[in-house]
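Undergrad: Here is a sequence together with a model predicted from it:
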Amino acid sequence: MALYFFHLRNGRDTLIDPDGQEVGDRATIAGVALKEARAMISQDALAGKISLGQVIEVRDKAGKLIHTLSFRDAVSVT
């Protein structure tokens, strides 16, 4: 298991994930980020306002960028 940090960026500011998450297989990071983005979007929907301009940046403990996911790519709006 390796520790990865799922930071949230909105274009100007970045909300740092101070604790990170342990992920067993690096190939599953994209799925974890997708699940996190959809959970945040669902909470935003409950509050009545969704911002699809946010991005999750996944970094390893050395700070290396491993994966990015735009909220726009996390959902399909029809």
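TA: Okay, I see it.

Undergrad: Any idea what the residue nearest the centre of the chain is bridged to?
TA: When CA atoms, centre = their mean is applied to the chain, the residue found nearest the centroid is I56 (3.2 Å). I56 has the following beta-bridge partners by DSSP bridges: L8, L69.

Undergrad: Against S70, how distant is it?
TA: 8 Å (CB to CB, to the nearest Å). All C-beta spots, glycine's among them, are computed from the backbone N, C-alpha and C.

Undergrad: quick one: pLDDT of the nearest residue to G24 once chain neighbours are set aside?
TA: Once its chain neighbours are removed from consideration, G24 has its nearest residue in M1; the separation is 5.1 Å (CB to CB, 6 or more residues apart in numbering). Reading off the per-residue confidence, M1 sits at a pLDDT of 90.

Undergrad: now M1: how far from Q54?
TA: 27 Å.

Undergrad: out of those two, which sits in the busier spot?
TA: More neighbours surround Q54 than the other of M1 and Q54, with 20 against 8 (other CB atoms under 10 Å).

Undergrad: Just the buried residues of stretch 1-20, please?
TA: Y4, F5, F6, H7, L8, R9, D17, G20 (16 or more other CB atoms under 10 Å).

Undergrad: residues in contact with the first one?
TA: When you say that, I think you mean Y4. The contact partners of Y4, taken as CB atoms under 8 Å, 6 or more residues apart in numbering, are G20, Q21, E22, V23, I29, V32, V58, R59, D60, K61, I66.

Undergrad: Quick check: the first one touching K61?
TA: Yes. In terms of CB atoms under 8 Å, G20 counts as a neighbour of K61; the distance is 7.2 Å.

Undergrad: between the two, what contacts are shared?
TA: With contacts taken as CB under 8 Å, 6+ apart, the residues that reach both G20 and K61 are L3, Y4, F5.
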